[in-house]
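**Q** one predicted model, sequence on top.
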Amino acid sequence: MFVRLKRVVYRGKLRHYVQLVKSARENGRVKQHVVASLGRLDDLKETGELERIIKGLLKHSDTLRVLKAHEDGAGRVVSDRVWGPVIVVEQLWKELGLFDLLRSLGEHKRFEFDFERAVFAIVLQRILIQGSDRAGAKWIRTVHAEGFDRLHLPHFYRALTYLWQKKEEIELSLYERGKDLFNEGLDLAFFDTTSTYFEGKGWPGFTALGMSKDHRPDHPQLVIGVVMRRDGIPVSCEIWPGNTSDMSTLVPVIERLKGRFKIRKIVLVCDRGMVSKANLERLTKTGYEYIVGMKMRRMLEVRDHVLAKPGRFRVVKHNLHVKEVWVEDRRYVVCFNPERAEKDRRDRESIVEMLKKKLSSGGVGSLLNNRGYRRFLKAPKERASIDEEKVKEDATYDGKFVLRTTTTLPATEVAEAYKHLNALERLWRELKSVLEMRPIFHHRKKQNITGHIFGSFLALYLTCFLKAKFAAAKEKVEWGDMLRDLSALTAIHLEVNGEYYLMRPPLRGCAGRVLQIVGARAPAVAERIKLDELPADAFQV
């Protein structure tokens, strides 16, 4: 039932009549019936009758009455908690089968707490905020999610230990579900590693000192690897002691993956940090095909032969042009991005311009410690000057990167495969910052640490899955904007005259579109609830 304004033209004048209308389906068609005609709109306004009608109807509308009470301050806010991100992540959680799988695993273990809810809380925290599990146990009190009010810090630790024990079962389930969702097998694997350090002594044989990507060689660490599908979805998370070199991890990881996921063929994609003559020889001896990024400035064959060889680039898309180059029996793919080339040119010109100003004022000394500036300078004892040959040479690298491959894939597919590795590197940055995995402060059990890392991997998986949905919907959503707008969707528990209601504010920014993309419905604006439906700790917040 709703109110409708009916437009009537009488003697050349437009008039509006207020009607109360009811919709009903008859014989498969929706028909509208006028329940009551309330009069002309201008007459109702003039006599004040319109306001009396609205106030009378308001008494019978819980939603409008509660909203007005909240607006006027007549209601008491019992709690106000973040809700929007929970709705989105939980929708993905269920679609990926994690809700049912983890619930089944928890029931088998017969925990006295809800194992699935504990893992969901851990993963949600990794996605939304920074901090330790101890901080997370406090943070969940600010979130509106079913079952969170019954979770405590010891539950988190026990859940992490069991989560790692079930790692391979969970990964395999996600992989099988991913094949159904994306109709794509795992014939091309992307592999990259990072390290994470510990505050504490660590455990001999489990953690070790090594080359730290956090620049903390004085701390024990682990090396963590992620294998990613060609569609950008992670497959597996692997962990080794901190003194493990990247190359020594490749062969055992590939062999285990082939067995676990029944893979026919894997092409290994590695970044420039894993490339050396010895590593390439070892890769070749394994018999696995590979695509690796090359160091353009430091490898003589690339610099003097590959980049110097003439030939036209093939345009794949506006930001990717490719050219195939052979040096004896070695196959290279040179990639060129015009947009990146323009940025490189502007950056170099800006540096050279800054150097000229500093040289003219005699203050260039401070720039000699900056590698980005120093590479364009000649610095004899008497006076520094700009090295024009270096400036010219640097321009040959603008917008380019070089790949070496043993595959027979077309050059375009080789380039696209490597670009996916760049996506994985961005995901590592998210894992380290947005998901805040490091540093790790667990001191009690190493199983807590491995569970902590795998919880971060699950958060990474859901992040990738959500971004894949955005891409499929051809929607560009900034991650920070999304979290801000979703977090503005809160669950407000309100008491009005001894009755309790759950209400939410209007949707903000991109929140409505994000809910639509993931297939979730926005909650009701306001609904009445019973006292026992309030979170157990609602009055403590």
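**A** Cool, the structure landed.
**Q** Thr408 - that's part of a strand, no?
**A** No. Thr408 is assigned coil when assessed by DSSP: H, G, I helix; E, B strand; the rest coil, not a strand.
**Q** now do it against Asp304, distance only.
**A** 26 Å (Cβ to Cβ, to the nearest Å). C-beta: built from backbone N, CA, C; applies to glycine.
**Q** do the same with Arg256
**A** 40 Å.
**Q** the two: who's more crowded?
**A** It is Arg256, of Arg256 and Asp304, that has more neighbours when counted by other Cβ atoms under 10 Å, with 14 against 11.
**Q** quick one: that one from Ile266, how far?
**A** Relative to Ile266, and taking Cβ to Cβ, Arg256 is found at 11 Å.
**Q** quick check: Glu495 touching Leu502?
**A** No. Counting by Cβ atoms under 8 Å, Glu495 sits too far from Leu502 to count as a contact (11.3 Å).
**Q** quick check: mean pLDDT of the strand ranked longest in the chain?
**A** Using DSSP state E, we find that the single longest strand of the chain is strand 13-26. The average pLDDT within strand 13-26 is 82.
**Q** can you tell me what sits against it?
**A** Residues outside strand 13-26 that contact it (Cβ atoms under 8 Å, 6 or more residues apart in numbering): 1-9, 30-42, 44, 50, 53.
**Q** in the helix or strand just after that strand, which residues are buried?
**A** Where DSSP states H and E defines the elements, the next helix or strand beyond strand 13-26 is strand 29-40. Going by neighbour count (16 or more other Cβ atoms under 10 Å), the buried part of strand 29-40 is Leu38.
**Q** domain parsing for the protein?
**A** Listed by automatic domain parsing, the domain ranges of the chain are 2-60, 76-83+480-540, 167-337+400-441, 339-395.
**Q** returning to what we had before: now the longest strand of the chain, how far from the chain's geometric center?
**A** Mean C-alpha position of strand 13-26 versus that of the full chain (Cα atoms, centre = their mean, to the nearest Å) differs by 48 Å.
**Q** same check on stretch 44-55?
**A** For stretch 44-55, the distance to the chain centre is 52 Å (Cα atoms, centre = their mean).
**Q** using PDB, list the CA coordinates for that stretch.
**A** Extracted in PDB, the C-alpha atoms of stretch 44-55 (Å, rounded to 0.1, in the frame of the first residue of the first chain):
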ATOM      1  CA  LEU A  44      -5.000  19.500   2.700                       C
ATOM      2  CA  LYS A  45      -2.000  21.800   3.100                       C
ATOM      3  CA  GLU A  46      -4.100  24.900   3.700                       C
ATOM      4  CA  THR A  47      -6.300  23.300   6.500                       C
ATOM      5  CA  GLY A  48      -3.400  21.400   8.100                       C
ATOM      6  CA  GLU A  49      -5.100  18.100   7.400                       C
ATOM      7  CA  LEU A  50      -2.100  16.800   5.500                       C
ATOM      8  CA  GLU A  51       0.100  17.000   8.600                       C
ATOM      9  CA  ARG A  52      -2.500  15.300  10.700                       C
ATOM     10  CA  ILE A  53      -2.800  12.500   8.200                       C
ATOM     11  CA  ILE A  54       0.900  12.000   8.100                       C
ATOM     12  CA  LYS A  55       1.200  11.900  11.900                       C
END
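**Q** quick check: buried residues in that stretch?
**A** For stretch 44-55, by 16+ other Cβ under 10 Å, it's 44, 50, 53.
**Q** which SS class is the closest residue to the first one other than its chain neighbours?
**A** Of all residues not flanking Leu44 in the chain, Leu50 sits nearest, at 3.8 Å (Cβ to Cβ, 6 or more residues apart in numbering). Secondary structure, three-state DSSP: Leu50 is helix.
**Q** pLDDT value on Leu50, please?
**A** Reported pLDDT for Leu50: 79.
**Q** and if you look at Arg81?
**A** The predicted local confidence for Arg81 is 92.
**Q** also the one 10 residues further on?
**A** We note a pLDDT of 97 for Gln91 in this prediction.
**Q** what residues does the helix or strand hosting it touch?
**A** For Gln91, the host element (DSSP H and E) is helix 84-95. Helix 84-95 is contacted from outside by 99-100, 120, 123-124, 127-128, 143-145, 181, 462, 465-466, 483, 485-490, 511, 514-515, 518-520, 523, using Cβ under 8 Å, 6+ apart.
**Q** show me which of those residues are buried.
**A** 99, 120, 123-124, 127-128, 143-145, 181, 462, 465-466, 483, 485-490, 511, 514-515, 518, 520, 523.
**Q** got the phi and psi for Asp231?
**A** As for Asp231, its main-chain torsions (degrees, to the nearest 10) stand at phi -90, psi 10.
**Q** Arg117: how many residues sit nearby?
**A** Residues within reach of Arg117, counting by other Cβ under 10 Å, total 23.
**Q** where do the helices sit along the stretch 101-250 of the chain?
**A** Ranges of helices in the stretch 101-250 of the chain, per DSSP state H, counting those that start in this stretch, are 115-128, 133-139, 153-165, 167-182, 246-261.
**Q** hey, which of these is tucked in deepest?
**A** Of all the helices of the stretch 101-250 of the chain, helix 115-128 carries the top mean neighbour count, a mean of 24, counting by mean count of other Cβ atoms under 10 Å.
**Q** show me what contacts the closest residue to Phe156 other than its chain neighbours?
**A** Once flanking residues are discounted, Phe156 sits nearest to Asp133: 4.8 Å by Cβ to Cβ, 6+ apart. When contacts are counted by Cβ under 8 Å, 6+ apart, Asp133 touches 122, 125, 153, 156-157, 160, 442, 452.
**Q** now with 10 Å?
**A** By Cβ atoms under 10 Å, 6 or more residues apart in numbering, Asp133 lies in contact with 121-122, 125, 139, 153, 156-157, 159-160, 440-442, 448, 451-452, 455.
**Q** ditto for Asp114
**A** 102-103, 106-107, 120-121, 146-148, 150-151, 155, 159.
**Q** switch the cut-off to 7 Å
**A** By Cβ atoms under 7 Å, 6 or more residues apart in numbering, the residues touching Asp114 are 106, 147, 150.
**Q** over to Ile127?
**A** Counting by Cβ under 7 Å, 6+ apart, Ile127 makes contact with 89, 435, 459, 462-463.
**Q** which pLDDT value belongs to it?
**A** In this model, Ile127 is scored at 88, pLDDT.
**Q** how close does it sit to Val86?
**A** Where Val86 is concerned, Ile127 sits at a distance of 10 Å (Cβ to Cβ).
**Q** equivalent analysis for Leu50, please.
**A** Using Cβ to Cβ, Leu50 is found at 41 Å from Val86.
**Q** then Glu289?
**A** From Glu289 to Val86 the distance is 43 Å (Cβ to Cβ).
**Q** these two touch, right, Leu515 and Ala522?
**A** Yes. The pair Leu515 / Ala522 is scored as a contact, 5.6 Å apart, by Cβ atoms under 7 Å.
**Q** give me the nearest residue to Val315, chain neighbours excluded.
**A** Distances taken as Cβ to Cβ, 6+ apart put His321 closest to Val315, at 5.3 Å, once the chain neighbours are dropped.
**Q** that neighbour contacts Arg314, doesn't it?
**A** Yes. Counting by Cβ under 7 Å, His321 touches Arg314, with 6.5 Å between them.
**Q** looking at those two, which is more packed in?
**A** His321 (20 against 15).
**Q** surely that one forms part of a helix?
**A** No. Secondary structure of His321 (three-state DSSP): strand, not part of a helix.
**Q** and the helix of greatest length in the chain with helix 115-128, angle?
**A** The single longest helix within the chain, with elements called by DSSP state H, is helix 446-472. Going by axes from the mean of the first three to the mean of the last three Cα atoms, to 10 degrees, helix 446-472 is angled at 60 degrees with respect to helix 115-128.
**Q** which SSE is immediately downstream of helix 446-472?
**A** Of the helices and strands lying after helix 446-472 in sequence (DSSP H and E), the nearest is helix 479-487.
**Q** show me where pLDDT drops low in the stretch 51-200 of the chain?
**A** 55-65, 67-74, 130-131, 180, 182-190, 192-200 (pLDDT under 70).
**Q** again, only using 90
**A** Residue ranges of the stretch 51-200 of the chain with pLDDT under 90: 51-80, 107-112, 126-140, 149, 153, 157, 160-161, 175-200.
**Q** kind regards, and thank you for your time.
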